[in-house]
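K.L.:
generate a structure from the sequence data that follows.
(2 chains)
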Amino acid sequence: MGSATRFMGLVLLRSSASLRRFHLTIDELHFAGVLSLIIIIVSGLFVGLVLGLQGYETLKRYGSAEAVGTLVALALVRELGPVVAALLFASRAGSAMTAELGIMKSTEQLSAMEMMAVDPFARVISPMFWGGFLSMPLLAAIFSVMGIFGGYLITVVIIGVDSGAFWSQMQSSVDLRNDIINGVIKSVVFGAAVTAIALFEGYDAPPTAEGVSHAVTRTVVTSALAVLALDFVLTAFMFTGV
Amino acid sequence: MAVPRGKVVAIMGGSGSGKTTLLRLIGGQLKADRGDVLVESQPLDGMGHAELYALRRKMGMLFQFGALFTDLNVFDNVAFPLREHTSLPASMIRDLVLMKLHAVGLRGAESLKPAELSGGMARRVALARAIALDPMLVMYDEPFTGLDPISVGIIGNLIRQLNDALGATSIVVTHDVQESLKIVDYVYFLSGGHIVSHGTPREVLESKEPFVYQFVHGKADGPVPFHYVAPAYGKDLGVSG
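P.N.:
Numbering: from 1, shown residues only, chains lettered A, B, ... in the order given. Below you'll find the predicted structure:
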């Protein structure tokens, strides 16, 4: 715990130096964000299709099939968007960050950088952190948009729910501050947590093949547990007034 | 231990004798529990982050397996310290990189990725990168390990020639007695974290000191025992008390 705290302290301390060279963060934004787009878009679409289908089948029994738009949007914006996007982000980008940093350490690339008087925290690790931190809310937003599009496709285009009802119910039920902003806050917290875990595990990995592979596994498992636990805590504060 | 300016000094000793630790102490990557490390008469102990990094800009280090940045090609690896520490125009950086690569005989390999290089070539690129900023001190961690005899000769000659051409000081940590004795001015032998012997290459070759003799002549047994510490052989096999 002490070394993780010290690690994050150094990441934040060197952030000003790394943010002054913002192109390094842009490169990491591309690595963590743009390269995760495919899995986020496809997953978001399928989650929206399933939500629409399940929601329609359930709501139809109560004569409220038109409310399916509300159900899809609230489920995605409040919960599934941030949570599933964070889990996918941990699997795709988090594991890649851990492996990259672990291999850089085991092949002495980080030591070489230090000996060239280039601080690896300022040059590599802080940009990775900010790249992950910034990309996660964007990915969660894209996931939710794709999910809503999937819900629209299955319920309006294929099943035949009224398009006007779908959008108007959604518009009247989804609140900017309570739903969308809270969802964005969740995705920001998850992004920080997953990226910090991934980077620390890579930096702390024993410099062997086995050490790096275990670090990657720990990143995915710890990130998933952290996201789910944080989601519970945040939901309790945001939506139940605890 | 003292390393005079302009000299090439070898640090030899068995595995685990503290050679690489010594390089890390000199580079400020580790802090000494006891004693002092002085570089350019400046003690590293108590030096702040900025001072240490300023001092490291005058150092170059060749790591055991090169430690090239695998996502960059040869040109960008050598250009890395120049881009990080200078604001030279791209055309001048290009010229400097090509000069460094020419010095190690790899000007034609500028566009190759580290994965496309042989062990010897990777070591030479890493050497070009280590001298990119014309350091006053160059440290070599096992520069001959895993290389074929031709590459060993090339690296050995480059260490000597570059040291003299740059007017630098070089510290070579190595197991390779024969190759290193051809190029160095002075040798220190380490064992168990202590200096057990030192002298010029001639003195080392003629030394009758048991550890030096065993090391230089590659004897299996001597002060460095062949057998790892174990209970009595007969007792282990159950044939004697």
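
K.L.:
can you pull the buried residues of stretch B:109-123?
P.N.:
For stretch B:109-123, burial by neighbour count (16 or more other C-beta atoms under 10 Å in any protein chain shown) applies to B:Ala109, B:Glu110, B:Leu112, B:Pro114, B:Leu117, B:Gly120, B:Met121, B:Ala122, B:Arg123. C-betas here are computed from N, CA, C, even on glycine.

K.L.:
run the chain-centre distance for that stretch.
P.N.:
Using C-alpha atoms, centre = their mean, to the nearest Å, the mean C-alpha position of stretch B:109-123 is found 19 Å from that of the whole chain.

K.L.:
ditto for stretch A:20-31
P.N.:
18 Å.

K.L.:
cool, stretch B:133-151 as well?
P.N.:
The answer for stretch B:133-151 is 6 Å, by C-alpha atoms, centre = their mean.

K.L.:
would you mark the buried spots in stretch B:44-62?
P.N.:
B:Leu44, B:Met47, B:Leu52, B:Tyr53, B:Leu55, B:Arg56, B:Arg57, B:Met59, B:Gly60, B:Met61, B:Leu62.

K.L.:
B:Phe189 sits in which helix or strand?
P.N.:
strand B:186-191 (DSSP states H and E).

K.L.:
mind listing residues that contact the helix or strand just after that strand?
P.N.:
As assigned by DSSP H and E, the chain's next helix or strand after strand B:186-191 is strand B:194-199. Contacts to strand B:194-199, defined as C-beta atoms under 8 Å, 6 or more residues apart in numbering or on different chains, come from residues B:Met1, B:Gly13, B:Tyr186, B:Val187, B:Tyr188, B:Phe189, B:Leu190, B:Val204, B:Ser207, B:Glu209, B:Phe211, B:Val212.

K.L.:
swap in 6 Å and give it another go.
P.N.:
B:Tyr188, B:Phe189, B:Glu209, B:Phe211, B:Val212 (C-beta atoms under 6 Å, 6 or more residues apart in numbering or on different chains).

K.L.:
what's the offset of the very next helix or strand once past it from the middle of its chain?
P.N.:
For strand B:194-199, the succeeding helix or strand toward the C-terminus, using DSSP H and E, is helix B:201-206. Its chain's C-alpha centre and that of helix B:201-206 lie 21 Å apart, by C-alpha atoms, centre = their mean.

K.L.:
quick check: buried residues in helix B:201-206?
P.N.:
Neighbour-count burial for helix B:201-206, with 16+ other C-beta under 10 Å as criterion, is recorded at B:Pro201, B:Val204.

K.L.:
stretch A:154-172 too?
P.N.:
Of the residues in stretch A:154-172, A:Ile154, A:Thr155, A:Val156, A:Val161, A:Ala165, A:Phe166, A:Gln169, A:Met170 count as buried by neighbour count, 16+ other C-beta under 10 Å.

K.L.:
next, the angle strand B:186-191 makes with the worst-scoring helix or strand of chain B on mean pLDDT.
P.N.:
Ranked by mean pLDDT, DSSP states H and E, the weakest helix or strand in chain B is helix B:210-217, scoring a mean of 82. Taking axes from the mean of the first three to the mean of the last three C-alpha atoms, to 10 degrees, one finds that helix B:210-217 is oriented at 110 degrees with respect to strand B:186-191.

K.L.:
got a pLDDT number for the most centrally placed residue in chain A?
P.N.:
Per C-alpha atoms, centre = their mean, the C-alpha nearest to the average position across chain A is that of A:Ala86, at 2.9 Å. pLDDT recorded at A:Ala86 is 97.

K.L.:
not counting stretch A:39-50 itself, show me its contacts.
P.N.:
Taking C-beta under 6 Å, 6+ apart as the rule, stretch A:39-50 contacts A:Leu80, A:Leu88, A:Arg92, A:Leu139, A:Ile142, A:Phe143, A:Met146, A:Gly147, A:Gly150, A:Gly151, A:Ile154.

K.L.:
please redo it, this time with the cut-off set to 7 Å
P.N.:
A:72, A:76, A:80, A:84-85, A:88, A:92, A:139, A:142-143, A:146-151, A:153-154 (C-beta atoms under 7 Å, 6 or more residues apart in numbering or on different chains).

K.L.:
now A:Ala141: how far from A:Val42?
P.N.:
16 Å (C-beta to C-beta, to the nearest Å).

K.L.:
name the nearest residue to B:Phe189, sequence neighbours excluded.
P.N.:
What sits nearest to B:Phe189 in space, not counting adjacent residues and going by C-beta to C-beta, 6 or more residues apart in numbering or on different chains, is B:Ser197, at 4.4 Å.

K.L.:
let me know the outermost residue of chain A.
P.N.:
Within chain A, counting by C-alpha atoms, centre = their mean, A:Gly63 lies farthest from the centre, at 35.4 Å.

K.L.:
would you put the C-alpha positions of stretch A:20-32 in PDB?
P.N.:
Written as PDB, here are the backbone C-alpha positions of stretch A:20-32 (Å, rounded to 0.1, in the frame of the first residue of the first chain):
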ATOM      1  CA  ARG A  20       3.700  20.600 -20.600                       C
ATOM      2  CA  ARG A  21       4.600  18.100 -23.400                       C
ATOM      3  CA  PHE A  22       1.000  17.400 -24.100                       C
ATOM      4  CA  HIS A  23       1.800  15.400 -27.300                       C
ATOM      5  CA  LEU A  24       3.000  12.600 -25.100                       C
ATOM      6  CA  THR A  25      -0.500  12.400 -23.400                       C
ATOM      7  CA  ILE A  26      -2.100  12.600 -26.900                       C
ATOM      8  CA  ASP A  27      -0.100   9.500 -27.900                       C
ATOM      9  CA  GLU A  28      -1.300   7.700 -24.900                       C
ATOM     10  CA  LEU A  29      -4.900   8.900 -25.500                       C
ATOM     11  CA  HIS A  30      -4.600   7.200 -28.900                       C
ATOM     12  CA  PHE A  31      -3.200   4.000 -27.400                       C
ATOM     13  CA  ALA A  32      -5.700   3.700 -24.500                       C
END
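
K.L.:
how far off centre is it?
P.N.:
17 Å.

K.L.:
and that stretch, does that touch chain B?
P.N.:
No: with C-beta under 7 Å from any C-beta of the partner chain as the criterion, chain B is not reached by stretch A:20-32; the gap is at least 10.0 Å.

K.L.:
next, the buried residues of that stretch.
P.N.:
Per 16+ other C-beta under 10 Å, stretch A:20-32 contains these buried residues: A:Leu24, A:Thr25, A:Glu28, A:Leu29, A:Phe31, A:Ala32.

K.L.:
ok, the last one touching A:Ala93?
P.N.:
Yes: taking C-beta atoms under 7 Å as the definition, A:Ala32 is a contact partner of A:Ala93 at 4.2 Å.

K.L.:
so what sits against both of these two?
P.N.:
A:Gly132.

K.L.:
so for A:Arg6, what's the pLDDT?
P.N.:
92.

K.L.:
what does B:Gly156 give?
P.N.:
So B:Gly156 comes in at 89 (pLDDT).

K.L.:
that one: what secondary structure?
P.N.:
helix (DSSP: H, G, I helix; E, B strand; the rest coil).

K.L.:
what sits against it?
P.N.:
Applying C-beta under 7 Å, 6+ apart, the residues near B:Gly156 are B:Glu179, B:Lys182, B:Ile183.

K.L.:
re earlier: which element is the residue nearest to the centre of chain A on?
P.N.:
helix A:81-89.

K.L.:
what is the subsequent helix or strand relative to the lowest-mean-pLDDT helix or strand in chain A?
P.N.:
One helix or strand of chain A scores below all others by mean pLDDT, DSSP H and E: helix A:15-20, with a mean of 85. Heading C-terminal from helix A:15-20, the first helix or strand you meet, by DSSP H and E, is helix A:22-32.
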